[in-house]
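Take a look and give me a structure for this.
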Amino acid sequence: MEYLHWDEKIITDFSEKAITDMYERGYVFTRIGKGVMHQTRSVRIDLSKFELSSENRRVLKKTEPLRIGISPLPLPAYGIEIGKIGSDFYSAKFGKGIMSAFKIKEMVTDQSKSNFNALLNFAQAATAIGYAICYSNQKILHYSYPFYDLKTSPKDMGLGMMIRAINFAKEAGMKYVYLGSLQRPTDTYKLQFVGLEWFDGGPNGLKKWSNDIEKVKKILNE
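Take a look at the predicted model:
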């Protein structure tokens, strides 16, 4: 799977300030390798402006009694069911070879190769059926690489997980939630949230954050 990006940098300063500054400049962590960041059409939510819409509340109600938890990475005890749920999910949604169980294990257990430091888990009846491999610090949460059990999860599970992660970050006093990038027409579901901004990379080379939703919808459908 090809990912849209205009620039790549490999960082060596992993302080919270340095990483937060890179995200502010439109860069996001990747799974390619330690320190590798891509500047892309990043999308984020300004949590000072975020509030649940009626549609968000509908999704939360439909995905009850799902509960969110967080574990720091690397995981001290890794269960192989995490990798299986993830590899099955990505194979079904995007095709075989997109994300292997081995890669998921590496991302959540090997700090020397992974940029991510938090695993969100989403449990139903005390059993985790969904996960998201994330980067977080006191100011930002990068919600990334979500996956869930396609057999046991309720309808709207993906959105239910995302909305709960946004609420979690807001309640934790963070400033922004980053939701990956906008690069395909199917990414328009990310545009529904109050407080949304996206990183506009050009074509004139002027890179800045924008809240012009109609403009990015047009870009995605070109």
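
Could you use CA atoms for every contact and neighbour count after this?
Will do.

what mean pLDDT would you report for the top strand by length along the chain?
What stands out as the longest strand in the chain, according to DSSP state E, is strand 127-136. In this model, strand 127-136 has an average pLDDT of 97.

mind checking how far the following helix or strand past it is from the chain centre?
Sequence-wise, the next helix or strand beyond strand 127-136 is strand 140-142, with elements assigned using DSSP states H and E. Taking the mean C-alpha point of strand 140-142 and that of its whole chain, the gap between them comes to 8 Å (C-alpha atoms, centre = their mean, to the nearest Å).

what does stretch 43-52 give?
Distance of stretch 43-52 from the chain centroid (C-alpha atoms, centre = their mean) equals 14 Å.

Show me which residues of the longest strand of the chain are buried.
Of the residues in strand 127-136, those buried by neighbour count under the rule 16 or more other C-alpha atoms under 10 Å are 128-136.

Quick one: the strands in the chain, in order.
For the chain, the strands defined by DSSP E cover 7-10, 27-29, 36-39, 42-46, 67-72, 118-124, 127-136, 140-142, 146-148, 176-181, 196-200, 208-210.

now the buried residues of strand 127-136 in CSV, with distance to Ser71?
Conversion of the buried residues of strand 127-136 to CSV gives the following (distance: C-alpha to C-alpha, whole Å):
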residue, distance to Ser71
Ala128, 12
Ile129, 15
Gly130, 13
Tyr131, 10
Ala132, 11
Ile133, 10
Cys134, 10
Tyr135, 11
Ser136, 11
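
Would you reformat the strands of the chain as JSON lines and include distance to Ile85?
Conversion of the strands of the chain to JSON lines gives the following (distance: least, C-alpha to C-alpha, whole Å):
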{"stretch": "strand 7-10", "distance to Ile85": "30"}
{"stretch": "strand 27-29", "distance to Ile85": "22"}
{"stretch": "strand 36-39", "distance to Ile85": "26"}
{"stretch": "strand 42-46", "distance to Ile85": "26"}
{"stretch": "strand 67-72", "distance to Ile85": "17"}
{"stretch": "strand 118-124", "distance to Ile85": "12"}
{"stretch": "strand 127-136", "distance to Ile85": "8"}
{"stretch": "strand 140-142", "distance to Ile85": "21"}
{"stretch": "strand 146-148", "distance to Ile85": "6"}
{"stretch": "strand 176-181", "distance to Ile85": "21"}
{"stretch": "strand 196-200", "distance to Ile85": "30"}
{"stretch": "strand 208-210", "distance to Ile85": "35"}
